[in-house]
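Enquirer: predicted model and sequence follow; I will ask about them next.
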Amino acid sequence: MRRTFHILTFGCQMNVNDSDWMSRSLRQRGFEEAPLGEADVTIVNTCSVREKPELKVYSTLGRIRQLTAGRPGAFVAVTGCVAQQIGSGFFERFPQVRLVAGGDGLTGAPEAIERLCAEPELKISLVDFSEVYPERDPALSRAPVPPVAYVNIMQGCDNFCAYCIVPYTRGRQKSRAASAVLDECRALLERGAREVILLGQNVNAFGQDAGGDGTTFAQLLRRTAALPGLERLRFVTPHPKDLSPEVIRAFADLEVLCPRLHLPLQAGSDRVLERMGRKYDSARYLQLVRDLRSARPDIALSTDLIVGFPGETEEDFLATCRMVEKAGFVSSFSFCYSDRPGARAALLPDKIPRDVKLERLSRLQARQDALGQAWLESRTGQETVVLLEGQSRKTDASAPAETSWQGHDPYGATVNVSLPPGAGAVGRMTPVRIITAKRHSLLAQQAGTPW
């Protein structure tokens, strides 16, 4: 009997990676992917870090109900952070939801979906937290994998920042065994991956929780960097308070460790940082920036920023703008603060009016856009190497015999390059020279022999 699924993903790269794993696992169990509205099982992998993605989940469930109204037996599985937060409440509000699985429960989701297909009256809730990392079957077939592979190294967070819901939806920090991480990386590299990105809510603290094996993150970086076939290594997300000298030194020592780091700042005001519970101040953060640039002078830094945290004054906001300038971020993800249920900041007084938050966000993003554009323009004329990830829609009309390809360089910039027929292939490393800076990407021409 043919069984089909469709996955919708909201939120962070960890969710994207979780969805990719669920897809592989279901395929191994005989399921086939189908368009939205035509699948037997629709999986909605959710995020609740901010209010907007959470609201999108509810509207999406209403849309799915309309699309599948004529398909008896079709049902929905809600996974991820909102599933952890709402739990069995989904069963009451949305009758088509028959599975809820939080971060730790996700490991059992494919098996639960199989059971639900066989037992039409059953509903399953998998929202209990585990004390150790719930190890999964990698679900890797012999088929090639994409050139960029993501590997979870841990789950959850122990920091309890005032604004953040992650410890309540992903649980307390739980690290994988270093051997399991390295085994997964090896398997991905053997199947065609050339770049590995290590994922976690606070990768700096890897291995140091009760479930960890004592391997530090710096040690894991060095062991991963030594794996055969690895061309590039990245990681997200570090917490500034835990960024050790050993990890900073790795940017100088490890050739495969890319010169790009996402280092969340959240605010530039020491007063706001203290209220957020971030456990560092602006001076400490700027010292980290100096240390990183001493280790790797060409490193490109990006960050996360929250505008309108409760009690934020105009001067606090201007301090954030000054920090953006001082740190020289090439890009940032910036958002208006929103209360999250259970997070400490939801109880704080002095909430900032929505129009004030939006006006400040507009000013901050305009300045960041200018800094990002200046960085892209400074790349013009430079030579770099692009890892080709697929064909681009930006074909050079002046060279009809060529095909435009898209990928990223070591600094994380999106690069489009026109190549002669046969010169491009997914996973190929291609030397290029940057010729033009666009608003959010670079155009290049081939500058050497791909490998």
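Expert: Cool, got the structure. Remember, predicted model here, so these are calculated numbers, not experimental data.
Enquirer: residues making contact with stretch 420-439?
Expert: 146-147, 192, 194, 231, 373, 376-377, 379-391, 401-403, 405, 407, 409, 415, 417, 419, 442-451 (CB atoms under 8 Å, 6 or more residues apart in numbering). In this view, the C-beta of every residue, glycine as well, is placed from N, C-alpha and C.
Enquirer: same question, stretch 23-30
Expert: Against stretch 23-30 from outside (CB under 8 Å, 6+ apart): 3, 5, 7, 33, 110, 113-114, 136-137, 139-141.
Enquirer: which ones among those map onto strands?
Expert: Among these, DSSP state E puts 3, 5, 7, 33 in strands.
Enquirer: who are the contact partners of the residue nearest to the second one when sequence neighbours are not counted?
Expert: Same thing as residue 5. Closest residue to residue 5 apart from its sequence neighbours, by CB to CB, 6 or more residues apart in numbering: residue 41 at 4.5 Å. Under the criterion of CB under 8 Å, 6+ apart, the neighbours of residue 41 are 3-6, 31, 74-77, 113, 116-117.
Enquirer: please enumerate the strands of the stretch 201-350 of the chain.
Expert: 232-236, 260-262, 300-307, 331-336 (DSSP state E, counting those that start in this stretch).
Enquirer: reformat the ones you listed as a markdown table; add mean neighbour count and mean pLDDT.
Expert: Output for those, formatted as a markdown table (neighbours: other CB atoms under 10 Å; pLDDT from 0 to 100):
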| stretch | mean neighbour count | mean pLDDT |
| --- | --- | --- |
| strand 232-236 | 22 | 98 |
| strand 260-262 | 22 | 98 |
| strand 300-307 | 21 | 98 |
| strand 331-336 | 18 | 96 |
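Enquirer: closest to residue 320 out of the ones you listed?
Expert: For these, proximity to residue 320 was assessed by CB to CB; strand 300-307 is nearest, at 6.3 Å.
Enquirer: now do the helix or strand bottoming out on mean pLDDT in the chain: which elements does it pack against?
Expert: Lowest by mean pLDDT, DSSP states H and E among the helices and strands of the chain is helix 51-67, with a mean of 85. Contact analysis of helix 51-67 by 3 or more CB pairs under 8 Å, 6 or more residues apart in numbering; DSSP states H and E lists strand 41-46, strand 75-80 as its packing neighbours.
Enquirer: now the angle from it to strand 331-336?
Expert: 80 degrees (axes from the mean of the first three to the mean of the last three CA atoms, to 10 degrees).
Enquirer: let's see helix 51-67 as CSV, backbone CA atoms only.
Expert: Listed next in CSV are the C-alpha coordinates belonging to helix 51-67 (Å, rounded to 0.1, in the frame of the first residue of the first chain):
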residue,chain,number,x,y,z
GLU,A,51,5.6,34.9,18.1
LYS,A,52,5.3,35.2,14.3
PRO,A,53,6.4,31.7,13.4
GLU,A,54,4.1,30.3,16.1
LEU,A,55,1.1,32.1,14.7
LYS,A,56,2.0,30.8,11.2
VAL,A,57,1.6,27.3,12.5
TYR,A,58,-2.0,27.9,13.5
SER,A,59,-2.9,29.4,10.2
THR,A,60,-1.0,26.6,8.4
LEU,A,61,-3.0,24.0,10.2
GLY,A,62,-6.3,25.7,9.1
ARG,A,63,-5.0,25.7,5.5
ILE,A,64,-4.1,22.0,5.7
ARG,A,65,-7.6,21.2,7.0
GLN,A,66,-9.1,22.8,4.0
LEU,A,67,-6.7,21.1,1.5
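Enquirer: quick one: buried residues of it?
Expert: Residues of helix 51-67 classed as buried by neighbour count (16 or more other CB atoms under 10 Å): 53-54, 56-57, 60-61, 64-65, 67.
Enquirer: same check on stretch 84-94?
Expert: 84-86, 90-91, 94.
Enquirer: quick one, domains of this structure?
Expert: 3-126, 148-378, 383-446 (automatic domain parsing).
Enquirer: buried set for the helix ranked longest in the chain?
Expert: For the chain, the helix with the greatest residue count under DSSP state H is helix 354-378. Neighbour-count burial for helix 354-378 flags 357, 360-361, 364, 368, 371-372, 375-376 (criterion: 16+ other CB under 10 Å).
Enquirer: circling back: for the contacts of stretch 23-30, give me JSON lines that also has distance to residue 227, pLDDT and neighbour count.
Expert: Output for the contacts of stretch 23-30, formatted as JSON lines (distance: CB to CB, whole Å; pLDDT from 0 to 100; neighbours: other CB atoms under 10 Å):
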{"residue": "3", "distance to residue 227": "36", "pLDDT": "95", "neighbour count": "16"}
{"residue": "5", "distance to residue 227": "32", "pLDDT": "97", "neighbour count": "22"}
{"residue": "7", "distance to residue 227": "29", "pLDDT": "97", "neighbour count": "20"}
{"residue": "33", "distance to residue 227": "30", "pLDDT": "96", "neighbour count": "12"}
{"residue": "110", "distance to residue 227": "28", "pLDDT": "96", "neighbour count": "26"}
{"residue": "113", "distance to residue 227": "33", "pLDDT": "97", "neighbour count": "25"}
{"residue": "114", "distance to residue 227": "34", "pLDDT": "96", "neighbour count": "16"}
{"residue": "136", "distance to residue 227": "20", "pLDDT": "87", "neighbour count": "19"}
{"residue": "137", "distance to residue 227": "21", "pLDDT": "82", "neighbour count": "11"}
{"residue": "139", "distance to residue 227": "20", "pLDDT": "77", "neighbour count": "16"}
{"residue": "140", "distance to residue 227": "15", "pLDDT": "72", "neighbour count": "15"}
{"residue": "141", "distance to residue 227": "20", "pLDDT": "70", "neighbour count": "11"}
